[in-house]
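S.K.: how does the following fold in three dimensions:
(2 chains)
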Amino acid sequence: MLENYLPVLIFLIIGLAVGAVMITLGFVLSPHKPDSEKLSPYECGFEHFGDARMKFDVRYYLIAILFIIFDLEIAFLFPWAIVLTEIGMFGYVAMAIFLGILVVGFVYEWKKGALEWE
Amino acid sequence: MEWLNTSIDWLTLLFQEWVVVYFQMLPEALQTVILIVLKIVVIMVPLMLSVAYLTLAERKVIGSMQIRMGPNRVGFFGYSLAGFGQPIADAVKLMFKEIIIPTGANKYLFLTAPLLSLGPALAAWAVLPFGEGIVLAEVNAALLYVLALTSVGVYGVIIAGWSSNSKYALLGTMRSAAQIVSYEIAMGFALVGVLMAAGSLNLGEIVNAQRGDYGIVSWFFLPLFPLFVIYFISGVAETNRAPFDVAEGESEIVAGFHVDYSGMAFAVFFLAEYANMILIAALTSLMFLGGWLSIFPASWIALVADIPVLSWVVGDGIHWFFAKMSFFLLLFLWFRATFPRYRYDQIMRLGWKVFIPITIVWLLLVGVFVIQGWFGLGAA
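M.R.: Numbers count the residues shown, from 1 in each chain, chains lettered A, B, ... in the order given. Okay, here's the model as predicted:
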């Protein structure tokens, strides 16, 4: 069973290695003539000012939290979906109640305006 | 022709006497690994070539849609061949461009980000079946693995934007990451719908669950039509392609998260984007359009079973899978030529307020279908 995952592991390693080899080749083959202007971060032709690690909109944070809740729910749905034919109506109703609780929360977020981007 | 036969015999003998004998002298574990690596190369080389030529196809297709020629100069050995050498020339050019690491950047994270983008986009192919039993790793949790790997892609985006230490990159990152994450939910729900219908996480079994006596009619895209549409549109949004490419928005935020990348480091991001497009196209065809299954009813296939070439074309096979993939890839390019870019609030509204409610309702509906046993009625 577990040996079926060996090709997956090797593929992951090779996938990362292909990218690493390409970037290394780029470093080896390309010229290196750095100067302070060239190495400054892109800012539309202006001299850059301040730090880029600045405050950002709290909505992004909210989206991330909502994502975790919904993604967890999807993770719960995966095993349920596979055995649905065996657990039948009882399993279906149980998951419907679970989904219902989540939808209540979702509707609350919606009404509160957490999903609005003005 | 005598000499040809002799030389083929001689080559076969050479292969058996030398390669096979020496190969069998290696330890068994090493033999397995070598065989796996060879298979991976067989998948990876055509994949990388497809990625390269998808960029040419994109420029050609959009060119035709705008009544232009597209690239038509670079060819091989002095023949332009309608621009067939363009991707190779692009790759070589990028190879010789300086890789700039900005002074404020976090060097190691800056160079890790492209790998985190490309690695998962390639590695997901380990579990994708190309035909009946033609799959590198026959694992039962295939779809879970694919879901996990496509989720890892967002780390590449976040790390790239944060480590660049540039305001443009950070803004682009926040936008792309929030967008990818939002559409991933709709995508995940669509996957759950497929799981319910197929009753398996194994992609090969999902395809076989779509096998029926009447060809195209038993594929999942009919009973799961809303999920099919939502999955593909979410896929377009996940790969940050037009019309969801606000991160790129040339007129306001330049190139989004990879604005400070250059040379080969940029090329890796570029490859990852196109590899992800091919991956989404492949997954959509496997899960909703029956992968390698033939479009024709079983009775038609049986009718032409004795005719040499026609039986191969009409019957199930890898060519159907490629045809379906090409169709979805064309859609990707077509969207880019047709639709104007969405505004960011429109994108978030579509993801959260349209797709998620529709998928939840349809999942409950599919649940009823499955319990009533309405799936697989037409199955052979």
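
S.K.: ranges for the helices of the stretch 201-350 of chain B?
M.R.: Under the criterion DSSP state H, counting those that start in this stretch, the stretch 201-350 of chain B contains helices at B:203-208, B:225-238, B:250-253, B:263-288, B:298-303, B:308-314, B:318-338, B:344-349.

S.K.: in CSV: those, plus mean pLDDT and mean neighbour count.
M.R.: All C-beta atoms are positioned from the backbone trio N, CA, C, and that covers glycine. Listed next are those as CSV, based on pLDDT from 0 to 100; neighbours: other Cβ atoms under 10 Å in any protein chain shown:
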stretch, mean pLDDT, mean neighbour count
helix B:203-208, 88, 21
helix B:225-238, 92, 22
helix B:250-253, 66, 12
helix B:263-288, 91, 24
helix B:298-303, 82, 14
helix B:308-314, 81, 12
helix B:318-338, 91, 17
helix B:344-349, 85, 17
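
S.K.: to A:V104, which of these lies closest?
M.R.: Among the helices of the stretch 201-350 of chain B, helix B:344-349 comes nearest to A:V104, with 20.7 Å by Cβ to Cβ.

S.K.: let me have the helices of the stretch 201-350 of chain B in TSV, extended by distance to B:L47.
M.R.: Output for the helices of the stretch 201-350 of chain B, formatted as TSV (distance: least, Cβ to Cβ, whole Å):
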stretch	distance to B:L47
helix B:203-208	16
helix B:225-238	17
helix B:250-253	29
helix B:263-288	7
helix B:298-303	29
helix B:308-314	24
helix B:318-338	11
helix B:344-349	29
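
S.K.: nearest to B:I62, out of those helices?
M.R.: helix B:318-338 (4.7 Å).

S.K.: among the helices of the stretch 201-350 of chain B, which comes closest to chain A?
M.R.: Closest of the helices of the stretch 201-350 of chain B to chain A is helix B:263-288, at 2.5 Å (criterion: Cβ to the nearest Cβ).

S.K.: relative to helix B:225-238, how tilted is the closest one?
M.R.: 180 degrees (axes from the mean of the first three to the mean of the last three Cα atoms, to 10 degrees).

S.K.: got the residues of the stretch 251-380 of chain B near chain A?
M.R.: B:254, B:259-260, B:263-265, B:267-268, B:344-345, B:348-349, B:352-353, B:356, B:360, B:363-364, B:367-368, B:370-371, B:373 (Cβ under 8 Å from any Cβ of the partner chain).

S.K.: how near is the closest residue in space to B:S285 that isn't next to it in sequence to A:F49?
M.R.: Leaving aside its sequence neighbours, B:S285 sits nearest to B:K324 (Cβ to Cβ, 6 or more residues apart in numbering or on different chains; 3.6 Å). To A:F49, B:K324 is 51 Å away according to Cβ to Cβ, to the nearest Å.

S.K.: now swap in B:L143 and tell me
M.R.: 48 Å.

S.K.: neighbour count: the two, which is higher?
M.R.: B:L143 (25 against 7; other Cβ atoms under 10 Å in any protein chain shown).

S.K.: how about the helices in chain A?
M.R.: Using DSSP state H, the helices of chain A run over residues A:6-29, A:36-39, A:58-82, A:84-112.

S.K.: which one of the ones you listed is the most hemmed in?
M.R.: helix A:6-29 (a mean of 18; mean count of other Cβ atoms under 10 Å in any protein chain shown).

S.K.: on that earlier part again, for B:A190, find the nearest of the helices of chain A.
M.R.: Of all those, helix A:58-82 comes closest under Cβ to Cβ, at 10.0 Å.

S.K.: give me the number of residues near B:A89?
M.R.: Neighbour tally, B:A89, other Cβ under 10 Å: 14.

S.K.: same question for the one 10 residues further on.
M.R.: By the measure other Cβ under 10 Å, the count of residues near B:I99 is 21.

S.K.: now it: how far from chain A?
M.R.: As defined by Cβ to the nearest Cβ, to the nearest Å, B:I99 lies at a distance of 5 Å from chain A.
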